[in-house]
Each structure stands twice: as structure tokens, then as C-alpha cells.
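Colleague: no sequence on hand, only this structure:
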């Protein structure tokens, strides 16, 4: 796959994740639509990279970084070719990682 096409796809995936943050929690259906679209593109790139889905590329393994495995799989794809992803609204890829980490931590605050 040409690098430019890959970059465009990764940017589109990131845009879908930004849309997830925009629609949660008021419109979970819309958020879910964007998760599904992001996952489809992630799986396409994973198959292109290593022939399977789930983030099992030995050259760019998935690291647990955000607490949201789908986003962590996206980060592994970004790292594979050190792709530069543009900011979407007010999120960089690192800000988005922090967002998902905070969401996971917030949920655990209710675990009394």
C-alpha cells in the first residue's frame, strides 16, 4: 500500500475516534457507528501489514496504552511507519490516549 493512502486511512481512523468523543455519552448510537467505521479501517490495515486482525504484527506490537484496545491497535499502526497524524478538533493522538485512560479510570472510581 502506498504510504500516502495509509496516512489518509490513519487520519480517517483518528477522525472517527474524535467523533466518538464528540457523541459520547449523549448519542451512543452515533458514537458506536464511528467505532465500527474505525474498527473496519483498522482491520483492513492490520491485514495489509501482517495478514490477520487484532494487532498481532510482530514488527509493531500493540502496547496497552489507553485502556481502549481498539485505540491501542490504532496507535500500533501509527507507530509502524511513524505516521504523522494531524490534530482533530482539539485532540492530538496523545490527548486522545489520555482521554481514554481517564474514561477507564473514571469508571473504576465507582468500583467501591
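Modeller: Cool, got the structure. Not measured: the values here are computed from a predicted model.
Colleague: could you point out which residue ranges in this structure have low pLDDT?
Modeller: 1 (pLDDT under 70).
Colleague: tell me the contacts of the spatially most central residue of it?
Modeller: Nearest to the geometric centre of the chain sits residue 71, at 2.9 Å (Cα atoms, centre = their mean). Contacts for residue 71 (Cβ atoms under 8 Å, 6 or more residues apart in numbering) come out as 17, 65, 96-97, 100. Where C-beta positions appear, they are placed from N, C-alpha and C, glycine not excepted.
Colleague: and the next helix or strand past the top helix by length along the chain?
Modeller: Longest helix of the chain, by residue count under DSSP state H: helix 28-50. Per DSSP states H and E, the first helix or strand lying C-terminal to helix 28-50 is helix 69-80.
Colleague: orientation of the longest helix of the chain relative to helix 69-80 in degrees?
Modeller: Here helix 28-50 runs at an angle of 40 degrees relative to helix 69-80 (axes from the mean of the first three to the mean of the last three Cα atoms, to 10 degrees).
Colleague: what lies in contact with helix 28-50?
Modeller: By Cβ under 8 Å, 6+ apart, the surrounding residues in contact with helix 28-50 are 1, 6, 9-10, 12-13, 16-17, 19-20, 23-25, 52-60, 70, 73-74, 77, 80.
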